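> below are the sequence and a predicted model for it; my questions follow.
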Amino acid sequence: MFDPYKIREDFPILKRKINNHPLIYFDNAATSQKPRQVIEAIKNFYENHNANVHRAVHTLSQEASELYENAHEEVARFVSANGMEEIVFVRGTTEAINLVAYAWGLRNLKKEDEVIISIMEHHSNIVPWETLSKINGFNVRYVGVNDDGTLDYEAFENMISNKTKIVCLSHVSNVTGVVNGVKKIAKIAHDYGALTLVDGAQSVPHLPVNVKDLDVDFLAFSGHKMLGPTGIGVLYGKREILERMEPFQGGGEMIREVSYNSITKRCSISWNDLPWKFEAGTPNVCGGVGLMEAVKYLKRIGMENVNAHECVLTEYAMRRMKECQKVKIYGPKDASVKCGIIPFNIEGLSSHDVALFLDSYGIMIRSGFHCAQPLHQIFKLKSSARTSFYIYNTREEIDRFAEVLKEIDQL
């Protein structure tokens, strides 16, 4: 059975005190804490197996290579990909989206083409496309949201056309926690011959995600938001699409052969097999090992259990927060269509003031734009506070959070 109190024992940082108060960590949408199993896996790699991969025949290199390849396989199974060939390790969601933008978009998007994204996107799914559009001349179009922050599907269906070449959408909004119907979006996009890129940074750590069932063409997510270390992330791509794409970066590892022609005075280059074609240079081997252990940890718990626990916490937290007269919650009122994230403000205070007050009681939340300024502009907000939950959070922590909110409410 899912037991958050037992799970908490695996997280050393949760034993800390902040300002003489027990640490309550409600900033999980930004990054998650790491269990002892992940920390030990990283320690074990550096103490016993550290070497570069795919470069040598000695024992350490063979061991490191096997671990690194196993990490790809473990992640592939986690999202139900067809194999490690469809799993490219990158630094995080941001680099994964940039990889698609420049390795696919730079060569396939031209003037008169259109890229559709939503107004709720994280900046990492806006900036690359706007930047690239200035080079290639294509048009970026934005799908709006309803008053409660949910995607305007009718507007999307009216906007998409044969000019649309790719639809880029977050699976879960990092501001409101809204879960978008990416399977439905992918079906519509494919009917128009367009590809789909899904930002899974807030979904893969919290929901069961099956790329074959969703039928998305690309899925990007980060290891550090799902118990893994920073500096490691994943781009899933359908094999047939990745095979047609040119590499994002050049250097070692991503080539099969570089041959110098003494007549032409040029080098001819052939690319390595997938996924190494997109992993130039010395990879983050240790990060891959840590991510593999994080995936194993989540699989032992069960992603259905993770999602169910967060839904219960979200519903309970929204109910407790509504007891405070000055607290205004944004996004859907129904916790069942959200994923562990609650944006809010307190009347008369900035989001940073609220975060600092909570910090004085050892409660960690986020404040600001959450790298999604356009959505805040739509909501007419200067900023917002954001609380977000994960597997180690409890009702008792929410009760304490609500008590402190009531103190702020009385200021």
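Received the coordinates, thanks. Because the structure is predicted, anything quoted here is derived from the model rather than measured.
> phi and psi next, for the spatially closest residue to Glu257 that is not a sequence neighbour.
Spatial nearest neighbour of Glu257, excluding adjacent residues (Cβ to Cβ, 6 or more residues apart in numbering): Ser270 at 4.9 Å. Where C-beta positions appear, they are placed from N, C-alpha and C, glycine not excepted. For Ser270, the backbone dihedrals (degrees, to the nearest 10) come out as phi -120, psi 140.
> Trp104 now?
Per-residue torsions, Trp104: phi -100, psi -50 (degrees, to the nearest 10).
> contact partners for the closest residue to it other than its chain neighbours?
Nearest residue to Trp104, sequence neighbours excluded (Cβ to Cβ, 6+ apart): Met245, at 5.3 Å. The contact partners of Met245, by Cβ atoms under 8 Å, 6 or more residues apart in numbering, come to 103-104, 107, 237, 278.
> ok, those residues vs Val167, which is closest?
Distance to Val167 across the contacts of Met245 (Cβ to Cβ) is lowest for Trp104, with 13.2 Å.
> where does the closest one land on pLDDT?
At Trp104, the pLDDT value in this model is 98.
> that one against Lys238, yeah?
No: Trp104 is beyond contact range of Lys238, at 11.4 Å (criterion: Cβ atoms under 8 Å).
> neighbour-wise, which of these two wins?
Trp104 (23 against 19; other Cβ atoms under 10 Å).
> look up how far Asp191 lies from the more buried one.
Trp104 sits at a distance of 20 Å from Asp191 (criterion: Cβ to Cβ, to the nearest Å).
> returning to what we had before: strands - which of the contacts of Met245 land there?
Residues from the contacts of Met245 lying in strands, with DSSP state E as the criterion: Gly237.
> who wins for neighbours among the contacts of Met245?
Sorting the contacts of Met245 by how many neighbours each has (other Cβ under 10 Å) puts Gly237 first, at 30 neighbours.
> disregarding residues adjacent in the polypeptide, which is nearest to that residue?
The shortest distance from Gly237 to any non-neighbouring residue, by Cβ to Cβ, 6+ apart, is to Phe218 (5.1 Å).
> in terms of contact, does that neighbour touch Ala189 like I think?
No: at 11.6 Å, Phe218 does not count as touching Ala189 under the criterion of Cβ under 8 Å.
> so what sits against both of these two?
Contacts common to Phe218 and Ala189, judged by Cβ under 8 Å, 6+ apart, are 195-196.
> so what does the helix or strand where Glu95 lies touch, helix or strand wise?
Element membership of Glu95 [criterion: DSSP states H and E] is helix 93-99. Packing partners of helix 93-99 (3 or more Cβ pairs under 8 Å, 6 or more residues apart in numbering; DSSP states H and E): strand 87-90, strand 195-199, strand 218-222, strand 233-237.
> okay if I get these as TSV plus mean pLDDT?
Below are the helices and strands packed on helix 93-99 laid out as TSV (pLDDT from 0 to 100):
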stretch	mean pLDDT
strand 87-90	98
strand 195-199	98
strand 218-222	98
strand 233-237	98
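> turn those strands into TSV, columns for distance to Val167.
Output for these, formatted as TSV (distance: least, Cβ to Cβ, whole Å):
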stretch	distance to Val167
strand 87-90	20
strand 195-199	5
strand 218-222	11
strand 233-237	15
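> do you know how far Met303 is from Ser80?
Counting by Cβ to Cβ, the gap from Met303 to Ser80 is 11 Å.
> got any residues that touch both of the two?
With Cβ under 8 Å, 6+ apart as the test, Met303 and Ser80 both reach Val209.
> before we move on, the earlier item: to Ala402, which of the helices and strands packed on helix 93-99 lies closest?
Of the helices and strands packed on helix 93-99, nearest to Ala402 by Cβ to Cβ is strand 218-222, at 29.8 Å.
> list the buried ones in stretch 140-148?
Buried residues in stretch 140-148, counted by 16 or more other Cβ atoms under 10 Å: 141-143, 145.
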